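Undergrad: One predicted model, sequence on top.
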Amino acid sequence: MIKLWLTMKENLLFILCCAGIVAALALLAHLVERFLPAIRHTSKAKRLCVIGICSAIATVLHMLDFPLLFLAPEFYKLDFSELPVMLCGFYLGPSAAVACEAVKILLKLLLKGTSTAFVGDFANFVVGCSLVLPAIIVYHTKKTRASALWGLISGTVVVTLFGSVFNAVYLLPKFSQLYGLPLETIIAMGSQVNGSIKNLSTFVLLAVAPLNLIKGAMISILTLLLYKKVARPLFGK
């Protein structure tokens, strides 16, 4: 009974922490948006329609995730779901991107559930926001190809650094706790992929950071290639 109570308490605290961070990111995006000069103002109906379409596409892409077994253990997976989120944010601004990211996670949980005690889903949301928000904010300071490029570079750098630190400090220990998998076992799984992985620091440096860097770079390249081409059919721009 005591063990059950402790487990329920841990899960409740994790849910409250997740809700608090989601609310904080949404508030931050809204506040920053007020000071950006190039935010597009649309009707609420069109805004909801764009967020809904991008969220649906992002959900499908998120469910098509796949592991890079040569780089990280199989529970770390790569997906392209941040691409429609980035496109949505480039069109409507950072607050729309946060909403799109959140709806994507909710739809994925409804359709597929979770296999990581919700830690992976929370990680996808927060780390995804760390990629798209810097890029979108920089782009909306001045809507040029140069600002888009610098924004995407900034987002890739932030997601690589923040994603690594966030994994080491919070996500991996929390996954170990809630999923019931010892941290030493997780590190050993990384060692099977890369013999240079010996501890948590090398796990993050040699597995997590490269994965986030690859994802950030690929999403950035696809955004530069596709945004102008999909803006008219997808947004009616």
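TA: That came through, no problem.

Undergrad: what does stretch 150-161 rub up against?
TA: Applying C-beta atoms under 8 Å, 6 or more residues apart in numbering, the external contacts of stretch 150-161 come out as 127, 130-139, 209, 212-213, 215-217, 219-220, 223-224. Quick note: C-beta positions are derived from backbone N, CA and C, even for glycine.

Undergrad: Swap in 7 Å and give it another go.
TA: Residues from elsewhere that reach stretch 150-161 (C-beta atoms under 7 Å, 6 or more residues apart in numbering): 127, 130-132, 134-136, 138-139, 209, 212-213, 216-217, 220, 223-224.

Undergrad: among those residues, which ones are buried?
TA: 127, 130-132, 134-136, 138-139, 209, 212-213, 216, 220, 223 (16 or more other C-beta atoms under 10 Å).

Undergrad: residues touching residue 210, list them.
TA: So residue 210 contacts residue 71 (C-beta under 7 Å, 6+ apart).

Undergrad: Quick check on it: phi, psi?
TA: Residue 210 adopts backbone torsions of phi -60, psi -40, taken as degrees, to the nearest 10.

Undergrad: circling back to that earlier point, ok, the buried ones among the contacts of stretch 150-161 vs residue 93, which is closest?
TA: Nearest to residue 93 among the buried ones among the contacts of stretch 150-161: residue 136, at 6.8 Å, using C-beta to C-beta.

Undergrad: coming back round to it: pick the one among the buried ones among the contacts of stretch 150-161 closest to residue 233.
TA: Distances from residue 233 to the buried ones among the contacts of stretch 150-161, taken as C-beta to C-beta, are shortest for residue 223 (16.0 Å).

Undergrad: Okay, now the unreliable bits of the chain?
TA: 1-12, 38, 117, 236-237 (pLDDT under 70).

Undergrad: centroid residue for it?
TA: For the chain, the residue lying nearest the average C-alpha position, counting by C-alpha atoms, centre = their mean, turns out to be residue 128 (1.5 Å).

Undergrad: From residue 21, how far out is that residue?
TA: Plainly put, residue 128 is 12 Å away from residue 21 if you go by C-beta to C-beta, to the nearest Å.

Undergrad: before we move on, what about residue 177?
TA: 17 Å.

Undergrad: tally of neighbours for residue 19?
TA: For residue 19, the count of nearby residues is 10 (other C-beta atoms under 10 Å).

Undergrad: quick one: which helix or strand includes it?
TA: Using DSSP states H and E, residue 19 sits in helix 2-33.

Undergrad: So the nearest residue to residue 36 once chain neighbours are set aside versus residue 72, what's the distance?
TA: Distances taken as C-beta to C-beta, 6 or more residues apart in numbering place residue 140 nearest to residue 36, at 4.3 Å, with adjacent residues excluded. In this view, residue 140 and residue 72 are 33 Å apart by C-beta to C-beta.

Undergrad: Residue 119 reaches residue 175, doesn't it?
TA: Yes - taking contacts as C-beta atoms under 7 Å, residue 119 lies within contact range of residue 175: 4.3 Å.

Undergrad: intersection of neighbour lists for those two?
TA: Contacts common to residue 119 and residue 175, judged by C-beta under 7 Å, 6+ apart, are absent.

Undergrad: If residue 78 is in a bridge, with which residues?
TA: residue 66 (DSSP bridges).
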